[in-house]
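Asker: Sequence and predicted structure, then a few things I'm wondering about:
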Amino acid sequence: MTIEENLYEKYSKITHVSAGELYFDKNIAVDFIEQCTELGIAIIGVEFFYIKKNGIIPVIPPNGIDTSDILEENVDWKEVLKKCNSFAHSVILKEFSNNSDQYCIFITFDKAEWKKK
């Protein structure tokens, strides 16, 4: 199992899981970002949802981030990691302060994947 897979396995026990996706509330999301940073995993995307009795509903209008452009702009992995995860952290704090009822999912990327690009 990769570090990334181990991390997702750990968080699958404390998040809402549906169709293989992990949906994070605010407190767990912030912790997940910190863990990713410590383990060298970049967050290149975040999407926001509501979890209701009838299912998982995207926030309308659709809301999220895509930091994949940072992957192309930087040649140093530490810089990629810092920029992506700092941006994801600031967006999480802002979004959850506006509406704490939402959940988010993360799209992650590790150094080995980055080197393949």
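Answerer: Great, that's in hand. Bear in mind that the values here come from a model prediction, so they are computed numbers and not experimental data.

Asker: Now the phi/psi pair for the spatially most central residue of the chain, please.
Answerer: For the chain, Phe106 is the residue whose C-alpha lies nearest the centre (CA atoms, centre = their mean; 2.6 Å). Reported as degrees, to the nearest 10, the phi and psi values for Phe106 are phi -120, psi 140.

Asker: does Ile57 sit in a helix or strand, and which one?
Answerer: strand 55-58 (DSSP states H and E).

Asker: Touching, the residue nearest to the centre of the chain and Asp31? I think so.
Answerer: No. Under the criterion of CB atoms under 8 Å, Phe106 makes no contact with Asp31, lying 11.9 Å away. C-betas here are computed from N, CA, C, even on glycine.

Asker: count of residues packed around Thr37?
Answerer: Under the neighbour criterion other CB atoms under 10 Å, Thr37 is assigned a count of 18.

Asker: circling back: which secondary structure elements does the strand holding Ile57 sit against?
Answerer: If contacts are counted by 3 or more CB pairs under 8 Å, 6 or more residues apart in numbering; DSSP states H and E, strand 55-58 sits against strand 41-52.

Asker: Any idea how far the strand it packs on is from the middle of the chain?
Answerer: Strand 41-52 sits 5 Å away from the centroid of its parent chain (CA atoms, centre = their mean, to the nearest Å).

Asker: What helices and strands are in contact with that strand?
Answerer: helix 3-11, helix 26-39, strand 55-58, strand 64-66, helix 68-73, helix 77-98, strand 102-110.

Asker: I'd like the mean pLDDT over stretch 62-71, please.
Answerer: For stretch 62-71, mean pLDDT rounds to 85.

Asker: Between the two ends of that stretch, what distance do you get?
Answerer: For stretch 62-71, the first-to-last residue distance is 23 Å (CA to CA, to the nearest Å).

Asker: Having no further points to raise, I will conclude here.
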